[in-house]
Each structure stands twice: as structure tokens, then as C-alpha cells.
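**Q** need coordinates for the following:
(2 chains)
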Amino acid sequence: MTQPSSTQPAATLDVDAVRRDFPILQRQIHGRRLVYLDSGASAQKPLAVIAAIDHLYRTSYANIHRGVYTLSEEATLAYEQAHERVSCFIKADFEELIFTKNTTESLNLVAYAWGLANLQAGDEIVATQMEHHSNIVPWQQIARRTGATVRYIRIDTQGKLDMAHAAELIGPRTKLVSVTHISNVLGTINPVYELGQMAHAQGALICVDGAQSIPHMAIDVRALDCDFFAFSGHKMLGPTGIGGLYGKRAILERMEPFLFGGDMISEVTFDGATWNDLPWKFEAGTGPIAQGVGLGAAVDYLEKLGMDAIHQHEQMLVSYAMDQMRQVRDLEVYGPAAHERGGVVSFNLEGVHPHDMASILDQQGVAIRGGHHCAMPLMRVLGVNGTSRASFYIYNTVDDIDMLVEAVGEARRILRR
Amino acid sequence: MSFNLYQENILDHYENPSNKGHIDNPDLEFRDLNPLCGDEVCIQACVDPEHHLSEICFEGKGCVISLAAASMLMEAVEGKSLDAVKQMGRQDMLDLLGIPLTTMRVKCAMLALRTLEKAIHMYEGKK
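**A** Residues are numbered from 1 along each chain as shown, chains lettered A, B, ... in the order given. Below is the predicted model:
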């Protein structure tokens, strides 16, 4: 398989080499070169990940943790090594990383296993106006059952958190602050460490939705001092069907399991059961074995490129994109300045619905997302029904952005705006 | 580049929709959303003693496809019997539009007809 040859993290990305690792980029869409600008929804997969899954199924696949035969031992080892690699990737201990289905399941795990047991009437959960539905709806449900309430930190006109409002909301009633690390719409990078310190000062916990940050920047859960960190594998080059939840060991140890069944038990009798050790206590049933192995390969690939080089590359792209888009007449771009955001640019061309924009761009090979991006409350705050969103990753180039801007001009022409 | 989705007649309906507006005392009325994108359409109509849609109008926020479809649907159903409208399905709406649509965009195209169906359903339930 082809991979960037250097074993040391490179200072800058060799994007041509990276692009060769992604077979899907060879595709033509409506006779045009594919310009994939929807990595915020899901990233494309490098050969290394495809090959790792293929290799497991071809050579070492069986169920894990119980079989004593060779194949089962090999599969168990591969799965546990993947656990180890992903936990190292976020600077966590092995016991502190639970494999889940995705960010949504991770957040639900915190909501059900921690929230139901620790929240009561009068308690408050603090989120923000820029949350994805997956970091709103679980808390609304848990609040309904426990009598707790959910409060939302406002955003300012630049799409950044109003920290004075945060200081107002995070108080003695607060039991949990649950906040996105990077907004999937605005690209805003939130000060999660500061929010964590504010939460801890009130005896509350902080849960970080890292779905949009972990693919794009180095994550150190110890340095962030967060209590939970939730993420998806498929946005960070891994397969679908796998994600992760980091939790501080002492907190996870006190929590009861979320799902009950096989593999998460220590001993079962007709009268009851005791729980397996961390992290398996939270991984009931046959897990995403091949997906875990694929995610391990994704993490290896990202580490070879170097997370700082990735972040730098995206900073360059987003800054170029915002410069270009600012020159387009009647185009509104949402969110903060380039240096304060991740590789996400949401925009609206006056009088053009995001779905029409996405359809017309698709005809030119440009894949973007149009709609509410699972953030309907934020759309209300922005005063729009939806936005068009371009999101960048390691395989995107300045050329891709030129194609985007050109296609936006074509949309204007077609729709006679 | 030829772009067969946004043809002249589609854009005309979008820019100058038929039967766009409001009825003061409608016999039937329903507002619905496309949860995919948040587009919304509200349909109001009057029903005459012979159970025909004697007057119908819509208001909405949405993309070219969903609003052009609503406009075309208004023209197609005005004066028709409720029973005839209830017979209309997905293919009838696609025939009215006359453009190739991807699966996701079919949902945009169907918003107005689905809303009208629900309005009729509620109207008949009340009687």
C-alpha cells in the first residue's frame, strides 16, 4: 500500500502524495473531476484503512475475547491493539477509551449512564447555541426524565461563544457542561479548557463533542482536562460504525454500564451479574472488530502525516477560501475569522437555497452539504433555514477551492440571481 | 453546460408562482416541513358543495424544486375533486415537473403534494 514514506511527522503536507492514497479521488462526477468538500460530514478513506479491513477479513477474522483458537486470538490482538493506538492518539489510558458506534452513541452513553444516575430536579446542563442535534436531544431527554434543565450559552455576532454569558450560566446548579470542540457549521474552535475550568470550579463535569476536532488537530485529553470526550471514526478516515468515548477513569469506574449483555460481564448467575473491567464494561455484545482495526490504521495514517501539519494545511485552505469567497457578490459567510476556525466554511448566496446550490455544484463535480447540518436551533439564531457548507481535509487543494468559487458563480448564472 | 434541473419553466414557477397567497377563511389548511432541510409549505383551500377545490393557494420557504412543485401543483388541482386529488401520487408530481430528480430532491418535489394530502385528510376527518 502507498503511504507517505517519511516516518517523522512532516512539517508540511505532501498533498499530491496524500491524494494518491485516496482511490475515490480518481472518480469523475458528471464528467468532472471530483472535488470533495464534505469531509465535515464524513471523510474519504485511504488505502491503508481499506487494506487493513480487507487484510483482517482475509487472514485473521473471528469473534474476539472468547475463542482460544489461533484466529480468535489474532483478531482479539488486532482489536485490542487498535484500542491501544486510538487511546494513545488522544493521550488517554487504555482503560479510559470505549469504542462506540459514533459520537451520537458516545454522547448517549454519557447521558444515560452518567446523566440518569447523577442528575435530579433543579440541576442544570449547560450546552451552547451551536451544538449539533446529537449534543442537544439526549440532554433534553435526560432533563425530561430527571427534572433537570438544559441551558444554552449564546454566540456573538462572529459566531463565537459569549464567554460572559458562559460565566453567568455555569453556576452552582450546573452539573454538566457539554459543548462542541469545533462547530460543524461555523467552524468556531471553542475554548473547551477554559469552559472545563469554569465547570470544575462549580463541581460540574465537562463533556466535549470532539466529532469535528479530532480529525483535524492534536487532541490531548489530559491537557484539555475534560471528563468526557466523544468522537466518530468515520470523520477521521476510519470506517463507519465505530467511534469513541474517553472518560476519566475514576468517573467511568463509578458509572454503571449503558448496555448490558455479553462481553461486558465478569460473572453472571441466575440472580445477577458483576461487570467486566474497563473499558469492556461499556462494550456489550460483539463489537465493531474490523471497524476498530480500520480506525487503528486511520490513526496510524494521521500520525504519520502529523496532526500539526494537518491543522496547518487546513488553516491555509480555510484562509484562502474565505479570501476568495469574500470577493463574491451577495455571498454571506458565517462564523469567525479564518485563524479562529477549523476547516469549515458555511455560506449563503442571496436568494439561492442551499439545496439548489448543492445540486448545481454537484453537476460540476463539487460535493458540498446544503441544509441545516443537524443544527436547527443554530439556524434559527443565524436567521436562516439552512446554509451551504464546504469542509476541507488533508486531500483538498487550493485548486478545489477555485473550483468551488467558480461553481458558485455558475449557480448564480443558472438561477438568474 | 446544460443543466436539465433548472429549466426555464421551473425557474418561472419559482420566480412567479401561481396561487401564492393567503385565504381568510379556508375550509382546509395544513403546514408541513421537510425535516431534511427545514423547507416549509402551507396550503389553504376552499371546498365547494360538490367537494371540489374551488380555490387553493400556498405559502412557503424553500428551494427552487419544492416551490416550483408547489406552484405547479396549485395549477393542476384547482377545480379538481378531492377524490381526484387523493388519487395523485409521486409519479403525477414528477410528471408535472418533467425533470429528472435524484432521490434526495424527489423529497423536495413531494413536499407540496404530501402537505395537500394531509390537509384533505384532516378536512375529511373533521366532517
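**Q** which residue is nearest the centroid of chain A?
**A** The C-alpha lying nearest the average C-alpha coordinate of chain A belongs to A:Ala211 (CA atoms, centre = their mean; 1.3 Å).
**Q** can you tell me how far that residue is from A:His83?
**A** Distance of A:Ala211 to A:His83, computed by CB to CB, to the nearest Å: 19 Å. Bear in mind the C-beta positions are built from the backbone N, C-alpha and C, glycine included.
**Q** what's the pLDDT at the residue of the stretch 1-150 of chain A found nearest chain B?
**A** Residue nearest to chain B within the stretch 1-150 of chain A: A:His30 (9.1 Å; CB to the nearest CB). Looking at A:His30, its pLDDT is 93.
**Q** next up, the contacts around it.
**A** Residues near A:His30 by CB atoms under 8 Å, 6 or more residues apart in numbering or on different chains: A:Asp362, A:Gln363, A:Gln364, A:Gly365.
**Q** narrow the residues you listed to just the buried residues.
**A** By the neighbour-count criterion of 16 or more other CB atoms under 10 Å in any protein chain shown, the contacts of A:His30 include these buried positions: A:Asp362, A:Gln363, A:Gln364, A:Gly365.
**Q** what pLDDT, on average, does the host helix or strand of A:Leu195 get?
**A** Counting by DSSP states H and E, the secondary-structure element that holds A:Leu195 is helix A:192-201. Per-residue confidence for helix A:192-201 averages out to 98 on the pLDDT scale.
**Q** parallel or antiparallel, which strands does the following helix or strand past that helix pair with?
**A** Next helix or strand after helix A:192-201 toward the C-terminus (DSSP H and E): strand A:205-209. If you go by DSSP bridges, strand A:205-209 pairs up with strand A:174-180 (parallel), strand A:228-232 (parallel).
**Q** kindly compare burial across the ones you listed and name the winner.
**A** The highest mean neighbour count among these belongs to strand A:228-232 (a mean of 28), with neighbours defined as mean count of other CB atoms under 10 Å in any protein chain shown.
**Q** contact partners for the closest residue to chain A within chain B?
**A** For chain B and chain A, the shortest gap (CB to the nearest CB) falls at B:Cys63, measuring 3.7 Å. Residues in contact with B:Cys63, defined by CB under 8 Å, 6+ apart, are A:His353, A:Pro354, A:His355, A:Asp356, B:Cys37, B:Asp39, B:Cys108.
**Q** got it, and A:Trp114?
**A** Under the criterion of CB under 8 Å, 6+ apart, the contact list for A:Trp114 reads A:Leu176, A:Leu205, A:Phe228, A:Ile251, A:Met255.
**Q** ends of stretch A:215-235, what's the gap?
**A** With CA to CA, to the nearest Å as the measure, the first residue of stretch A:215-235 is 6 Å from its last.
**Q** quick one: B:Leu73 and B:Ile10, what's the gap?
**A** Going from B:Leu73 to B:Ile10 by CB to CB gives 13 Å.
**Q** before we move on, what about A:Arg413?
**A** For A:Arg413, the distance to B:Ile10 (CB to CB) stands at 15 Å.
**Q** those two: which has the busier surroundings?
**A** Comparing A:Arg413 with B:Ile10 by neighbour count (other CB atoms under 10 Å in any protein chain shown), the higher total belongs to B:Ile10, at 21 against 11.
**Q** apart from its neighbours in sequence, what residue is nearest the more buried one?
**A** Counting by CB to CB, 6 or more residues apart in numbering or on different chains, the nearest residue to B:Ile10 once its immediate chain neighbours are dropped is B:Ala68, at 4.7 Å.
**Q** good, wrapping up.
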